[in-house]
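Enquirer: here are the coordinates; sequence isn't available:
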């Protein structure tokens with residue numbers, strides 16, 4: 001056993017050396033330009049609500065999957081909701097969207113001055129329209145879009161605030177900004193332009209095509225550094241791999257727009273409307289309201305995001321719609337992440353007022369998580385017996401004692 005441990009140590013040392021290459025160090029050093037001391041702001045008391053969700057599922061031997069998702073919103077009081085469905089197929093993506101949908105619904109029914117969501121708001125506003133093939137959920141994503149659009153409209157109309165706070169993230173937007181900055185400097189020095197200038201956009205969208213063009217225009221002509229920077233954009237090296245080494249602090253805010261895939265889908269639906277949606281959602285008769293909802297969803301207000309770290313190695317990501325800092329920008333109008341200079345001190349004050357310690361990054365989100373947390377033990381010992389007792393006469397379910405696969 002000890003020999004395996006030593007071999008593991010050797011492998012980890014090699015991984016560490018590979019990650020600490022010169023390009024990595026240069027990106028990290030440039031990131032320091034956008035990393036600052038957390039400002040000393042006077043705390044305020046806000047009327048806050050936090051929402052979180054959880055789920056459990058089990059595959060039955062008759063081919064069905066039982067999915068149970070629940071959500072809780074916590075302010076001075078608590079509000080709870082739950083969805084239980086029997087469905088078919090892989091639910092990996094579905095269960096995340098169902099949990100988010102429950103959060104959006106319960107939050108819209110309970111809006112406060114400050115509304116907190118566990119996770120990325122930007123990520124929820126950047127899904128590419130696609131129909132779920134799970135039984136009973138074929139048109140679910142259209143309801144998801146409608147609810148999310150309505151939530152954002154309510155927030156903006158009533159001049160409220162909504163923040164998504166993530167404890168972990170694989171986002172790369174700061175890495176993208178810095179690498180493109182380095183690439184632009186390089187091709188300007190080489191006096192290149194035209195197709196070379198478009199390569200960063202292509203690298204995040206169509207990697208194979210970008211690699212072929214980069215090899216022909218850069219590598220084969222001896223422009224090794226420019227080629228290396230384009231290949232770096234194709235890797236999903238997360239921002240946290242750099243930021244977690246910088247110590248406590250806060251990043252400059254960044255404006256985020258739609259992904260290249262969402263942009264293509266928006267253009268397709270804008271041009272062909274019902275026909276385009278009918279091809280995507282083959283099981284539903286598309287109405288004008290569906291087209292309008294999807295186009296609104298794909299062109300939501302742009303989002304602003306920043307990182308904040310109160311202690312070494314623990315980094316939070318904060319997202320919020322751009323209109324909260326007076327920016328009237330839409331998702332489709334932001335082609336590359338942009339560092340902005342707008343005042344976000346009010347947002348920072350909210351994050352600071354909610355922060356308790358390394359474990360409780362947000363008081364209200366922690367309370368919601370504690371209430372809604374769904375253990376496997378509770379699921380198996382409380383929820384499943386109710387299912388068995390309720391459906392025991394249904395011959396389609398068979399003998400429930402033999403249906404569960406752990």
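Expert: Arrived safely, thanks for sending. Since the model is a prediction, treat every value here as computed from it, not as a measurement.
Enquirer: which residues touch the residue lying closest to residue 265 once chain neighbours are set aside?
Expert: The shortest distance from residue 265 to any non-neighbouring residue, by C-beta to C-beta, 6 or more residues apart in numbering, is to residue 128 (5.4 Å). C-beta here means a position set from N, CA and C on the backbone, and glycine is covered the same way. Residues near residue 128 by C-beta atoms under 8 Å, 6 or more residues apart in numbering: 259, 261-262, 265.
Enquirer: Name the nearest of these relative to residue 373.
Expert: The closest of these to residue 373 turns out to be residue 259 (C-beta to C-beta; 31.3 Å).
Enquirer: That closest one contacts residue 125, doesn't it?
Expert: No - using C-beta atoms under 8 Å, residue 259 is not in contact with residue 125, being 10.4 Å away.
Enquirer: Who has more neighbours out of the two?
Expert: Neighbours per residue (other C-beta atoms under 10 Å) separate residue 259 from residue 125, with residue 125 holding more: 25 against 15.
Enquirer: Could you find the closest non-adjacent residue to that one?
Expert: Using C-beta to C-beta, 6+ apart and skipping the chain neighbours, the partner closest in space to residue 125 is residue 300 (4.7 Å).
Enquirer: residues near the one you found, how many?
Expert: 25.
Enquirer: Give me the phi and psi for it.
Expert: The phi and psi torsions at residue 300 (degrees, to the nearest 10) take the values phi -60, psi 170.
Enquirer: swap in residue 165?
Expert: Torsion angles, degrees, to the nearest 10, at residue 165: phi -120, psi 120.
Enquirer: in terms of contact, does it touch residue 363 like I think?
Expert: No - contact criterion C-beta under 8 Å: residue 165 and residue 363 do not qualify, at 11.2 Å.
Enquirer: all strands of the stretch 151-300 of the chain, in order?
Expert: 161-166, 249-251, 254-256 (DSSP state E, counting those that start in this stretch).
Enquirer: From the contact counts, what lies against the second one?
Expert: Think strand 249-251. strand 35-36, strand 303-311 (3 or more C-beta pairs under 8 Å, 6 or more residues apart in numbering; DSSP states H and E).
Enquirer: so the next helix or strand after the last one versus strand 161-166, what angle?
Expert: On the C-terminal side of strand 303-311, the nearest following helix or strand under DSSP states H and E is strand 314-321. For the pair strand 314-321 and strand 161-166, the angle between their directions (axes from the mean of the first three to the mean of the last three C-alpha atoms, to 10 degrees) equals 150 degrees.
Enquirer: what does whatever helix or strand comes next after strand 314-321 rub up against?
Expert: Downstream of strand 314-321, the next assigned helix or strand under DSSP H and E is strand 338-339. Strand 338-339 is contacted from outside by 34, 177, 252-255, using C-beta under 8 Å, 6+ apart.
Enquirer: Out of those residues, grab the one that's most surrounded.
Expert: For the contacts of strand 338-339, the largest number of neighbours (other C-beta under 10 Å) sits with residue 253, at 25 neighbours.
Enquirer: Please report the distance of the residue nearest to that residue when sequence neighbours are not counted from residue 320.
Expert: Excluding the flanking residues, the one nearest residue 253 by C-beta to C-beta, 6+ apart is residue 306, at 4.5 Å. In this view, residue 306 and residue 320 are 9 Å apart by C-beta to C-beta, to the nearest Å.
Enquirer: Of those two, which one has the most company?
Expert: residue 320 (26 against 22).
Enquirer: Counting neighbours, what do you get for the residue lying closest to the more buried one once chain neighbours are set aside?
Expert: In space, and not counting its chain neighbours, residue 320 is closest to residue 163: 5.0 Å by C-beta to C-beta, 6+ apart. When neighbours are counted by other C-beta under 10 Å, residue 163 registers 22.
Enquirer: Could you do residue 209 as well?
Expert: Quick note: residue 209 (other C-beta under 10 Å) scores 12 neighbours.
Enquirer: Would you check that it makes contact with residue 201?
Expert: No - in this structure residue 209 lies outside contact range of residue 201 using C-beta under 8 Å: 11.3 Å.
Enquirer: Mutual contacts of the two, please.
Expert: Common neighbours of residue 209 and residue 201 (C-beta under 8 Å, 6+ apart) do not exist.
Enquirer: where are the low-confidence patches of the protein?
Expert: 1, 16-20, 391-406 (pLDDT under 70).
Enquirer: pull the longest strand from it.
Expert: strand 48-59 (DSSP state E).
Enquirer: Can you name the element that comes right after that strand?
Expert: On the C-terminal side of strand 48-59, the closest following helix or strand by DSSP H and E is strand 65-74.
Enquirer: what's the following helix or strand past that next one packed up against?
Expert: Following strand 65-74 in sequence order, the next helix or strand is strand 78-87 (DSSP H and E). Judged by 3+ C-beta pairs under 8 Å, 6+ apart, strand 78-87 is in contact with strand 65-74, helix 92-108, helix 363-372.
Enquirer: The second one vs strand 78-87, what angle?
Expert: In other words, helix 92-108. 150 degrees.
Enquirer: What segments of the stretch 151-300 of the chain are helices?
Expert: 173-189, 195-203, 207-217, 224-234, 240-243, 260-272, 274-280, 288-298 (DSSP state H, counting those that start in this stretch).
Enquirer: Same list, the ones you listed, but as JSON lines with distance to residue 335 please.
Expert: Shown next, in JSON lines, are the helices of the stretch 151-300 of the chain (distance: least, C-beta to C-beta, whole Å):
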{"stretch": "helix 173-189", "distance to residue 335": "11"}
{"stretch": "helix 195-203", "distance to residue 335": "7"}
{"stretch": "helix 207-217", "distance to residue 335": "16"}
{"stretch": "helix 224-234", "distance to residue 335": "14"}
{"stretch": "helix 240-243", "distance to residue 335": "23"}
{"stretch": "helix 260-272", "distance to residue 335": "8"}
{"stretch": "helix 274-280", "distance to residue 335": "22"}
{"stretch": "helix 288-298", "distance to residue 335": "14"}
